[in-house]
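Student: Provided below for reference: sequence and predicted model.
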Amino acid sequence: MELAFIPSPSRGVLYLGPIPLRGYAFCIIIGVFVAVWLGNRRWIARGGRAGTVADIAVWAVPFGLVGGRLYHVITDYELYFSEGRDWVDAFKIWEGGLGIWGAIALGALGAWIGCRRRGIPMPAYADAVAPGIALAQAIGRWGNWFNQELYGKPTDLPWALEITSSADGRVPGTYHPTFLYESLWCIGVAVLVIWADRRFRLGHGRAFALYVAAYCAGRGWIEYMRVDDAHHILGLRLNVWTAILVFLLAVAYLVISSKKSPGREEVVEPGAEASAGEADGGEKAAADAGKDADEAKDDEAKDGAGSAKKT
(Lines give C-alpha, C1' and ligand atoms only; values in the text may rest on other atoms or scores of the structure.)
Protein backbone atom coordinates (compact mmCIF):
# COMPACT_ATOMS: atom_id res chain seq x y z
CA MET A 1 0.00 0.00 0.00
CA GLU A 2 1.43 3.36 -1.07
CA LEU A 3 1.57 5.87 1.77
CA ALA A 4 2.22 8.78 -0.56
CA PHE A 5 2.64 9.49 -4.25
CA ILE A 6 2.49 12.30 -6.79
CA PRO A 7 -0.99 12.25 -8.36
CA SER A 8 -1.35 12.72 -12.09
CA PRO A 9 -4.05 15.07 -13.39
CA SER A 10 -7.18 13.28 -14.54
CA ARG A 11 -6.86 15.05 -17.87
CA GLY A 12 -4.32 17.26 -19.58
CA VAL A 13 -6.78 19.62 -21.26
CA LEU A 14 -9.52 21.94 -20.06
CA TYR A 15 -12.11 23.55 -22.29
CA LEU A 16 -13.02 27.21 -22.19
CA GLY A 17 -16.17 26.84 -24.24
CA PRO A 18 -14.96 25.40 -27.56
CA ILE A 19 -11.34 26.45 -26.88
CA PRO A 20 -9.03 23.71 -25.54
CA LEU A 21 -6.50 24.79 -22.90
CA ARG A 22 -3.72 22.20 -22.86
CA GLY A 23 -1.35 21.91 -19.93
CA TYR A 24 1.50 20.75 -22.17
CA ALA A 25 1.24 23.87 -24.34
CA PHE A 26 1.06 26.16 -21.31
CA CYS A 27 4.26 24.67 -19.91
CA ILE A 28 6.08 25.25 -23.20
CA ILE A 29 4.83 28.85 -23.47
CA ILE A 30 5.73 29.71 -19.86
CA GLY A 31 9.18 28.19 -20.36
CA VAL A 32 9.79 30.32 -23.44
CA PHE A 33 8.84 33.52 -21.59
CA VAL A 34 11.16 32.66 -18.68
CA ALA A 35 14.03 31.93 -21.07
CA VAL A 36 13.58 35.23 -22.92
CA TRP A 37 13.24 37.20 -19.68
CA LEU A 38 16.41 35.79 -18.11
CA GLY A 39 18.29 35.90 -21.39
CA ASN A 40 17.42 39.58 -21.80
CA ARG A 41 18.76 40.42 -18.33
CA ARG A 42 21.99 38.56 -18.98
CA TRP A 43 22.37 40.12 -22.42
CA ILE A 44 22.01 43.65 -21.06
CA ALA A 45 24.54 42.82 -18.32
CA ARG A 46 26.96 41.73 -21.04
CA GLY A 47 26.60 45.11 -22.80
CA GLY A 48 23.79 44.35 -25.25
CA ARG A 49 20.57 46.19 -25.93
CA ALA A 50 17.23 45.45 -24.30
CA GLY A 51 14.91 43.59 -26.65
CA THR A 52 17.61 41.93 -28.74
CA VAL A 53 17.09 38.52 -27.13
CA ALA A 54 13.35 38.66 -27.83
CA ASP A 55 13.94 39.74 -31.44
CA ILE A 56 16.21 36.77 -32.07
CA ALA A 57 13.87 34.43 -30.17
CA VAL A 58 11.26 35.21 -32.83
CA TRP A 59 13.50 33.19 -35.13
CA ALA A 60 14.84 30.64 -32.67
CA VAL A 61 11.60 29.51 -31.01
CA PRO A 62 9.64 28.49 -34.14
CA PHE A 63 12.72 26.75 -35.56
CA GLY A 64 13.20 24.98 -32.22
CA LEU A 65 9.61 23.76 -32.10
CA VAL A 66 9.83 22.40 -35.63
CA GLY A 67 13.20 20.78 -34.92
CA GLY A 68 11.96 19.21 -31.70
CA ARG A 69 8.92 17.78 -33.41
CA LEU A 70 10.91 16.48 -36.38
CA TYR A 71 13.34 14.66 -34.09
CA HIS A 72 10.48 13.05 -32.19
CA VAL A 73 8.58 11.99 -35.31
CA ILE A 74 11.70 10.61 -37.02
CA THR A 75 12.90 8.63 -34.01
CA ASP A 76 9.39 7.39 -33.13
CA TYR A 77 7.97 7.14 -36.63
CA GLU A 78 6.01 3.98 -35.79
CA LEU A 79 3.68 6.10 -33.63
CA TYR A 80 2.47 7.90 -36.73
CA PHE A 81 3.17 5.81 -39.82
CA SER A 82 2.65 2.19 -38.74
CA GLU A 83 -0.49 0.21 -39.41
CA GLY A 84 -3.55 1.57 -37.64
CA ARG A 85 -1.96 4.97 -37.01
CA ASP A 86 -2.97 8.30 -38.50
CA TRP A 87 -0.05 10.21 -40.01
CA VAL A 88 -1.91 13.48 -39.46
CA ASP A 89 -1.18 13.07 -35.73
CA ALA A 90 2.46 13.86 -36.53
CA PHE A 91 1.43 17.51 -36.82
CA LYS A 92 -0.40 17.62 -33.47
CA ILE A 93 2.45 19.11 -31.49
CA TRP A 94 0.10 20.20 -28.70
CA GLU A 95 -0.47 16.56 -27.75
CA GLY A 96 3.16 16.18 -26.71
CA GLY A 97 6.29 14.90 -28.38
CA LEU A 98 9.28 17.23 -28.63
CA GLY A 99 12.88 16.02 -28.83
CA ILE A 100 15.27 18.42 -27.11
CA TRP A 101 18.10 17.40 -29.45
CA GLY A 102 16.20 18.52 -32.53
CA ALA A 103 14.88 21.60 -30.74
CA ILE A 104 18.38 22.81 -29.83
CA ALA A 105 19.85 21.97 -33.25
CA LEU A 106 17.20 23.70 -35.36
CA GLY A 107 16.65 26.40 -32.73
CA ALA A 108 20.36 27.22 -33.04
CA LEU A 109 19.88 27.63 -36.79
CA GLY A 110 17.04 30.07 -36.19
CA ALA A 111 19.14 31.96 -33.63
CA TRP A 112 22.03 32.10 -36.11
CA ILE A 113 19.75 33.70 -38.68
CA GLY A 114 18.54 36.24 -36.13
CA CYS A 115 22.08 37.01 -34.94
CA ARG A 116 23.30 37.43 -38.49
CA ARG A 117 20.50 39.90 -39.22
CA ARG A 118 21.45 41.91 -36.13
CA GLY A 119 25.19 41.60 -36.70
CA ILE A 120 25.97 40.08 -33.30
CA PRO A 121 28.17 37.07 -32.45
CA MET A 122 26.18 33.87 -32.11
CA PRO A 123 28.38 32.42 -29.29
CA ALA A 124 27.80 35.49 -27.10
CA TYR A 125 24.04 35.21 -27.60
CA ALA A 126 24.15 31.49 -26.79
CA ASP A 127 26.01 32.22 -23.55
CA ALA A 128 23.38 34.76 -22.51
CA VAL A 129 20.38 32.47 -23.08
CA ALA A 130 21.93 29.17 -21.87
CA PRO A 131 20.61 29.14 -18.26
CA GLY A 132 17.24 30.39 -19.48
CA ILE A 133 16.97 27.44 -21.85
CA ALA A 134 17.67 25.09 -18.95
CA LEU A 135 14.88 26.71 -16.91
CA ALA A 136 12.55 26.50 -19.92
CA GLN A 137 13.24 22.76 -20.06
CA ALA A 138 12.58 22.47 -16.33
CA ILE A 139 9.17 24.07 -16.78
CA GLY A 140 8.41 22.28 -20.04
CA ARG A 141 8.92 18.86 -18.44
CA TRP A 142 5.78 19.42 -16.39
CA GLY A 143 3.90 19.12 -19.66
CA ASN A 144 4.74 15.40 -19.50
CA TRP A 145 3.04 15.28 -16.12
CA PHE A 146 -0.15 16.68 -17.62
CA ASN A 147 0.01 14.06 -20.39
CA GLN A 148 0.94 11.17 -18.06
CA GLU A 149 3.95 10.25 -20.19
CA LEU A 150 7.69 9.61 -20.04
CA TYR A 151 7.77 8.07 -16.57
CA GLY A 152 10.29 5.57 -15.22
CA LYS A 153 10.29 2.10 -13.73
CA PRO A 154 7.70 0.96 -11.15
CA THR A 155 8.44 2.05 -7.58
CA ASP A 156 6.72 2.47 -4.22
CA LEU A 157 8.86 5.40 -3.07
CA PRO A 158 6.99 8.26 -1.36
CA TRP A 159 7.55 10.50 -4.40
CA ALA A 160 6.34 7.90 -6.90
CA LEU A 161 4.18 9.15 -9.75
CA GLU A 162 0.70 7.68 -10.00
CA ILE A 163 -0.36 6.82 -13.54
CA THR A 164 -4.11 6.40 -13.94
CA SER A 165 -4.45 6.35 -17.72
CA SER A 166 -4.48 3.08 -19.64
CA ALA A 167 -4.34 4.67 -23.10
CA ASP A 168 -1.56 3.79 -25.59
CA GLY A 169 -0.45 0.75 -23.61
CA ARG A 170 -0.03 2.45 -20.24
CA VAL A 171 -0.41 0.28 -17.16
CA PRO A 172 -1.87 2.15 -14.17
CA GLY A 173 0.40 2.13 -11.14
CA THR A 174 3.16 4.11 -9.43
CA TYR A 175 6.41 4.84 -11.24
CA HIS A 176 9.58 6.91 -10.95
CA PRO A 177 8.68 10.52 -11.90
CA THR A 178 11.44 10.98 -14.46
CA PHE A 179 9.82 14.23 -15.59
CA LEU A 180 10.42 15.58 -12.07
CA TYR A 181 13.99 14.27 -11.95
CA GLU A 182 14.81 16.02 -15.20
CA SER A 183 13.02 19.22 -14.14
CA LEU A 184 15.07 19.43 -10.95
CA TRP A 185 18.26 18.54 -12.82
CA CYS A 186 17.66 21.37 -15.30
CA ILE A 187 17.20 23.85 -12.46
CA GLY A 188 20.54 22.69 -11.09
CA VAL A 189 22.11 23.12 -14.54
CA ALA A 190 20.83 26.70 -14.74
CA VAL A 191 22.29 27.51 -11.32
CA LEU A 192 25.61 25.89 -12.27
CA VAL A 193 25.92 27.88 -15.50
CA ILE A 194 25.07 31.19 -13.80
CA TRP A 195 27.62 30.52 -11.03
CA ALA A 196 30.37 29.38 -13.39
CA ASP A 197 29.76 32.32 -15.72
CA ARG A 198 30.19 34.78 -12.85
CA ARG A 199 33.14 32.94 -11.33
CA PHE A 200 35.14 32.30 -14.51
CA ARG A 201 33.68 34.92 -16.91
CA LEU A 202 32.87 32.36 -19.58
CA GLY A 203 32.75 33.64 -23.13
CA HIS A 204 32.75 32.63 -26.78
CA GLY A 205 30.03 30.01 -26.30
CA ARG A 206 31.56 28.26 -23.29
CA ALA A 207 28.61 28.97 -20.96
CA PHE A 208 26.34 27.35 -23.53
CA ALA A 209 28.71 24.39 -23.89
CA LEU A 210 28.70 23.95 -20.11
CA TYR A 211 24.90 23.90 -20.16
CA VAL A 212 24.90 21.26 -22.90
CA ALA A 213 27.45 19.06 -21.13
CA ALA A 214 25.72 19.31 -17.74
CA TYR A 215 22.31 18.60 -19.23
CA CYS A 216 23.58 15.57 -21.13
CA ALA A 217 25.17 14.16 -17.98
CA GLY A 218 21.79 14.14 -16.28
CA ARG A 219 19.76 13.15 -19.31
CA GLY A 220 21.85 10.00 -19.70
CA TRP A 221 20.92 8.42 -16.36
CA ILE A 222 17.36 9.76 -16.39
CA GLU A 223 16.76 8.39 -19.89
CA TYR A 224 18.08 5.02 -18.74
CA MET A 225 15.30 4.86 -16.13
CA ARG A 226 12.44 5.39 -18.58
CA VAL A 227 10.24 2.49 -19.64
CA ASP A 228 8.44 3.97 -22.66
CA ASP A 229 9.14 2.35 -26.03
CA ALA A 230 12.35 3.50 -27.69
CA HIS A 231 14.89 2.34 -30.26
CA HIS A 232 17.95 0.61 -28.78
CA ILE A 233 21.52 0.38 -30.03
CA LEU A 234 23.84 -2.14 -28.34
CA GLY A 235 21.40 -2.42 -25.46
CA LEU A 236 21.12 1.32 -24.78
CA ARG A 237 18.29 3.65 -25.71
CA LEU A 238 18.95 5.93 -28.69
CA ASN A 239 18.71 9.06 -26.55
CA VAL A 240 21.35 7.71 -24.16
CA TRP A 241 23.79 7.38 -27.05
CA THR A 242 22.82 10.86 -28.25
CA ALA A 243 23.47 12.27 -24.76
CA ILE A 244 26.90 10.61 -24.64
CA LEU A 245 27.90 11.90 -28.08
CA VAL A 246 26.69 15.46 -27.46
CA PHE A 247 28.35 15.49 -24.02
CA LEU A 248 31.72 14.60 -25.57
CA LEU A 249 31.30 17.28 -28.25
CA ALA A 250 30.42 19.92 -25.63
CA VAL A 251 33.43 19.06 -23.47
CA ALA A 252 35.71 19.13 -26.51
CA TYR A 253 34.37 22.58 -27.41
CA LEU A 254 35.01 23.83 -23.86
CA VAL A 255 38.63 22.71 -23.98
CA ILE A 256 39.41 23.90 -27.50
CA SER A 257 37.59 27.23 -27.13
CA SER A 258 39.33 28.08 -23.85
CA LYS A 259 42.70 27.65 -25.57
CA LYS A 260 41.88 29.44 -28.83
CA SER A 261 39.73 32.27 -27.45
CA PRO A 262 40.39 32.83 -23.74
CA GLY A 263 38.43 35.45 -21.86
CA ARG A 264 35.12 36.99 -22.79
CA GLU A 265 33.95 39.15 -25.68
CA GLU A 266 34.48 42.87 -25.05
CA VAL A 267 31.65 43.87 -27.42
CA VAL A 268 28.59 41.68 -27.89
CA GLU A 269 26.36 44.05 -29.86
CA PRO A 270 27.84 46.65 -32.23
CA GLY A 271 26.36 50.08 -31.61
CA ALA A 272 25.11 49.33 -28.10
CA GLU A 273 28.13 50.92 -26.43
CA ALA A 274 28.04 53.86 -28.82
CA SER A 275 24.39 54.49 -27.95
CA ALA A 276 25.21 54.27 -24.26
CA GLY A 277 28.13 56.63 -24.77
CA GLU A 278 25.93 59.14 -26.61
CA ALA A 279 23.40 58.99 -23.80
CA ASP A 280 26.12 59.52 -21.20
CA GLY A 281 27.55 62.35 -23.27
CA GLY A 282 24.14 64.00 -23.48
CA GLU A 283 23.69 63.77 -19.74
CA LYS A 284 27.19 65.18 -19.18
CA ALA A 285 26.54 68.07 -21.57
CA ALA A 286 23.29 68.89 -19.79
CA ALA A 287 25.05 68.79 -16.44
CA ASP A 288 27.84 71.08 -17.74
CA ALA A 289 25.28 73.49 -19.16
CA GLY A 290 23.50 73.60 -15.82
CA LYS A 291 26.79 74.18 -14.05
CA ASP A 292 27.67 77.05 -16.42
CA ALA A 293 24.26 78.60 -15.86
CA ASP A 294 24.69 78.43 -12.09
CA GLU A 295 28.14 80.02 -12.35
CA ALA A 296 26.74 82.80 -14.54
CA LYS A 297 24.02 83.54 -11.96
CA ASP A 298 26.63 83.69 -9.20
CA ASP A 299 28.71 86.15 -11.24
CA GLU A 300 25.67 88.35 -11.87
CA ALA A 301 24.83 88.30 -8.17
CA LYS A 302 28.38 89.35 -7.27
CA ASP A 303 28.36 92.18 -9.84
CA GLY A 304 25.03 93.41 -8.51
CA ALA A 305 26.28 93.39 -4.96
CA GLY A 306 29.40 95.30 -5.98
CA SER A 307 27.40 97.98 -7.77
CA ALA A 308 25.11 98.43 -4.77
CA LYS A 309 28.12 98.84 -2.49
CA LYS A 310 29.64 101.57 -4.70
CA THR A 311 26.39 103.47 -4.81
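Tutor: Arrived safely, thanks for sending.

Student: contacts only, for Val61.
Tutor: Taking CB atoms under 8 Å, 6 or more residues apart in numbering, we find Val61 in contact with 32, 107, 110. All C-beta spots, glycine's among them, are computed from the backbone N, C-alpha and C.

Student: please read the previous query as pertaining to Ala243.
Tutor: Counting by CB under 8 Å, 6+ apart, Ala243 has contacts 216-217, 219-220, 223.

Student: what does Asp228 give?
Tutor: So Asp228 contacts 149-151 (CB under 8 Å, 6+ apart).

Student: and the pLDDT at it?
Tutor: The model reports Asp228 with a pLDDT of 84.

Student: that one: what secondary structure?
Tutor: Secondary structure for Asp228, judged by DSSP: H, G, I helix; E, B strand; the rest coil, is coil.

Student: now do the helices in the stretch 1-150 of the chain.
Tutor: 23-45, 52-75, 78-81, 100-118, 122-140, 142-147 (DSSP state H, counting those that start in this stretch).

Student: by how many degrees do the longest one and helix 100-118 diverge?
Tutor: Direction vectors for helix 52-75 and helix 100-118, defined by axes from the mean of the first three to the mean of the last three CA atoms, to 10 degrees, enclose an angle of 150 degrees.

Student: list the buried ones in helix 52-75?
Tutor: Going by neighbour count (16 or more other CB atoms under 10 Å), the buried part of helix 52-75 is 52-53, 56-57, 59-61, 63-73, 75.

Student: the residue lying closest to Pro7 once chain neighbours are set aside: which element?
Tutor: Here the nearest residue to Pro7 in space, its sequence neighbours aside, is Glu162; by CB to CB, 6 or more residues apart in numbering that works out to 5.3 Å. Taking DSSP states H and E as the criterion, Glu162 maps to strand 161-163.

Student: what's in contact with that strand?
Tutor: Strand 161-163 has contacts (CB under 8 Å, 6+ apart) with 2, 5-8, 145, 148, 151, 170-177, 179-180.

Student: picking that back up, most neighbours among the contacts of Asp228, which one?
Tutor: Of all the contacts of Asp228, Tyr151 has the most neighbours under the rule other CB atoms under 10 Å, reaching 27 neighbours.
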